[in-house]
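K.L.:
sequence? don't have it. structure:
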């Protein structure tokens, strides 16, 4: 073999073994949230910590650094070059952490996760607080280790959305706040209709079947994945051939399972569409979390709450739940599932007020990490901000600051990507409708979304991590991130429903 | 800390991290046999191979060798000393394999497993043969690497049953063959009764509930474990706090799920009873495979097919399946579940002819490994031996040489432990009845098996790997392995049922 190819192949081999260990950890995490027996938690925590430590050790081995530096000087193909560059960035970042720190973080995360589950069970934030407090300390240390220019929170956001800064995100949220408030006002003035039928009794088994049916219809490949039940819905993967989604079923809330399933399917289609031959390399990974979220939000909202979609699927839904929907018209249903109403739970929020949920978390985390808010003050701050931004009274911790799994996973700096992703989704959706003639008609008449999936595969999925979010958005839509597209999309949709 | 304690603590720490990686691999294997989507198989294979390689590398690191040698010279406590000795034995054995060989073996095992599943689906040995052939080559190489005195198969049996040799096992089987043949003759002459009611329709869901009920009743802790469905029932564990059993359900065979569940529960109770504080160390592990099997066979047969057990449980069973058992008396049921009848499937065989199934496999493997039988000759040899030893005609590969998962796992040298385990079980059961006054009455009147479990915990489980099988048997029963105890136990039981 040519010396350069030999080097690249060494690099690939070492990255793929690293991926094996990381994906093994992901299997253990998936199991932890789906099937792990209660008393198995402690040993699982240490098993995950060891895998983190082993993976970190494998990656940050000086031999890898040397190999990467050599490869950076070679005349590689464009794809190879990009893989090596991105790996070098990741390597340099990981080098800033010690194996002991990585292990400590992983242990703190596992302990936090179980404390969070228990706290939710007892509906008591106090049960979670000590573990969360330890974790926030570690995240603050992590930010210092990574380093940052303007704000420690930048260092953490960078993990999920490369280059994202407080300055940038503050500006985006500032820009969109007023238009969203105006739109809320407009809609609430004219909105009518009752959505209480969504809270009838929907038997678990039937909801489960409906979810599986929807996932299949949308193109989720059950030979390359599965769906299970967990406390908080999520998507994970152990290769592009093994992508797993989870959901939760509330028998008195039809919306919960249905749109969480479509949402996770959106994530999963992205993972199933990543190039399998790039297993373990950056180009086999998603572009960024906001781009990931653009996929889930596009399917959940632009597709899954649209008139076209339910033109085809509403009759199917009635077949699944003939009693519950017998006297409900398609239009009533559409109004109900798009009802704008400030509420308590992020994952169940409408498309509009959703962003206020995100902003509360973003501000809160920023303050926690900069040290201007203490962990013990979280419930008070949370409840106060929900009153201010959403006008709702938080009745208890479970429906308040205990609702999301993210902190218990040590994911700080993640939430903003939910809003960015929604904004990207609107831009991608606008472009897809331009590029695919008759897209909405296909959906409405035949329930076919394969053209859309094909378009996303070609324009987004196949690139893996080659482009950063904004570059990719620009490549596909000719424009940078632009939240006004989202606001227009939503205004048009909500007006048409009145 | 004292220098010696410091050293021991280093050793413990390093062994526990190794255990974390091995248990992670066990989670991936469990998932592979229960929930893995079809197309995920290839990447899962390489993930497992990497974990094997990483674990092997961690263990055989020269630093561990040096540490162990230092510790061997120290004045440790009895338990510490035994841990170090056993680890040194394992280390010396593992040192004989290279990381590349370990990886290759793991890859071959994964490929074989999926080939076996597919071959069973197609009921065609040819589908399995090429992968099995590769695996047998590797196992023969492994035997050479480990080394042996008399027979290459000794080197493989040693993995499962330390010190077991062809010479020893040949002798045991030779001794028991004639008495078993005589007993079979006696029983078949007097045996009466119809067992066809066991092959009525038993709905899956109801069988599942019955299995969970039984497992709970026998003391399986569902907070430290779970039950799932797989192609071939097995028990695995990721700590003594996370022990998982699997079963399969045949709606037209009541016996299949019921006794496989009791069997796996027997294994699981052993694992749940191992000392959690010895996690990762030899004393936290089971004594040997034959001792493991003694636990499963004791519960399955000595307890789970006995009159006393069904005195209490038969009325419960009738509540679960009122239609199916409505006109069947307890005595008819007992005769049916103990019916001796040469048959095709090992896991469904009666207690007596079971050992002929084992002997076929033992002889076959011995010949494969010594090279006097070729992989392509397996079906012919198998079918011929079933005719000779059991008098049955094998109709197809699924009910013939494809019935067991073991070879696809690379487990050669394993089967003999099933018979040894059954013989140990009879000895332990005899002793337990002596030691626990009124044991059978407790079981018959109240369905209580907690005294028995407590006795096993104290006499077997808590010792972990401290004693080898025969030494443990001697400690508990005052005697070495003695298959005549098994023959007497079985003769008495079968005679009483006539």
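P.N.:
In hand now; what should we look at? Worth saying up front: this structure is predicted, and the values here are computed from it rather than measured.
K.L.:
test my guess that residue A:111 contacts residue A:131.
P.N.:
Yes: at 5.1 Å, residue A:111 counts as touching residue A:131 under the criterion of CB atoms under 8 Å. Bear in mind the C-beta positions are built from the backbone N, C-alpha and C, glycine included.
K.L.:
so which of these two has more stuff around it?
P.N.:
residue A:131 (23 against 20; other CB atoms under 10 Å in any protein chain shown).
K.L.:
how near is the residue lying closest to residue A:302 once chain neighbours are set aside to residue A:457?
P.N.:
Distances taken as CB to CB, 6 or more residues apart in numbering or on different chains put residue A:429 closest to residue A:302, at 3.9 Å, once the chain neighbours are dropped. Using CB to CB, to the nearest Å, residue A:429 is found at 15 Å from residue A:457.
K.L.:
those two: which has the busier surroundings?
P.N.:
Using other CB under 10 Å, the more surrounded residue of residue A:429 and residue A:457 is residue A:429, with 24 against 17.
K.L.:
wait, that one touches residue A:297, no?
P.N.:
No: at 9.3 Å, residue A:429 does not count as touching residue A:297 under the criterion of CB under 8 Å.
K.L.:
shared neighbours, these two?
P.N.:
When CB atoms under 8 Å, 6 or more residues apart in numbering or on different chains defines a contact, no residue borders residue A:429 and residue A:297 alike.
K.L.:
what's the closest non-adjacent residue to the closest residue to chain B within the stretch 51-200 of chain A?
P.N.:
Residue of the stretch 51-200 of chain A nearest chain B, by CB to the nearest CB: residue A:51 (5.8 Å). Once flanking residues are discounted, residue A:51 sits nearest to residue A:25: 4.1 Å by CB to CB, 6+ apart.
K.L.:
element containing the residue nearest in space to the middle of chain A, please.
P.N.:
The residue lying closest to the centre of chain A (CA atoms, centre = their mean) is residue A:293, at 4.9 Å. Taking DSSP states H and E as the definition, residue A:293 sits inside helix A:289-297.
K.L.:
run through who's touching that helix.
P.N.:
A:160-161, A:235, A:263-267, A:269-270, A:286, A:414, A:417-418, A:420-422, A:424-425, A:428, A:456, A:460, A:469, A:472.
K.L.:
so which elements touch whichever helix or strand comes after that helix?
P.N.:
Using DSSP H and E, the helix or strand that follows helix A:289-297 in sequence is helix A:307-320. Where contact means 3 or more CB pairs under 8 Å, 6 or more residues apart in numbering or on different chains; DSSP states H and E, helix A:307-320 is packed against helix A:204-217, helix A:330-337, helix A:439-446.
K.L.:
can you get me a residue count around the spatially closest residue to residue A:276 that is not a sequence neighbour?
P.N.:
Among residues not flanking residue A:276 along the chain, residue A:240 sits closest, at 4.7 Å (CB to CB, 6+ apart). When counting by other CB under 10 Å, one arrives at 25 neighbours for residue A:240.
K.L.:
could you do the one 5 residues further on as well?
P.N.:
Using other CB under 10 Å, residue A:245 has 26 other residues around it.
K.L.:
neighbouring strands - and their directions - for the helix or strand harbouring it?
P.N.:
Here residue A:245, judged by DSSP H and E, is contained in strand A:243-247. Its sheet considered, strand A:243-247 pairs with strand A:225-229 (parallel), strand A:235-237 (antiparallel) by DSSP bridges.
K.L.:
nearest to residue B:383, out of the ones you listed?
P.N.:
Nearest to residue B:383, of all these, is strand A:225-229, at 37.9 Å by CB to CB.
K.L.:
for that closest one, buried residues please.
P.N.:
A:225, A:226, A:227 (16 or more other CB atoms under 10 Å in any protein chain shown).
K.L.:
now swap in stretch A:137-156 and tell me
P.N.:
A:138-140, A:142-143, A:146, A:148, A:151-156.
K.L.:
among the residues you listed, which are located in helices?
P.N.:
Judged by DSSP state H, the buried residues of stretch A:137-156 include A:138, A:139, A:140, A:142, A:143, A:146, A:152, A:153, A:154, A:155, A:156 as members of helices.
K.L.:
could you list the domains of chain A?
P.N.:
A:3-147, A:166-497 (automatic domain parsing).
K.L.:
dump these into CSV; add mean pLDDT as well.
P.N.:
Shown next, in CSV, are the domains of chain A (pLDDT from 0 to 100):
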stretch, mean pLDDT
domain A:3-147, 96
domain A:166-497, 97
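K.L.:
so which of these gets nearest residue B:15?
P.N.:
Proximity to residue B:15 (CB to CB) singles out domain A:3-147 among these, at 11.6 Å.
K.L.:
dump the helices and strands packed on helix A:307-320 into a markdown table; add distance to residue B:176 as well.
P.N.:
Compiled in a markdown table, these are given as follows (distance: least, CB to CB, whole Å):
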| stretch | distance to residue B:176 |
| --- | --- |
| helix A:204-217 | 51 |
| helix A:330-337 | 70 |
| helix A:439-446 | 69 |
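K.L.:
residues contacting the residue of the stretch 251-400 of chain A found nearest chain B?
P.N.:
Distance from chain B to each residue of the stretch 251-400 of chain A (CB to the nearest CB) is smallest for residue A:279, at 6.7 Å. Counting by CB under 8 Å, 6+ apart, residue A:279 touches A:16, A:19, A:239, A:240, B:43.
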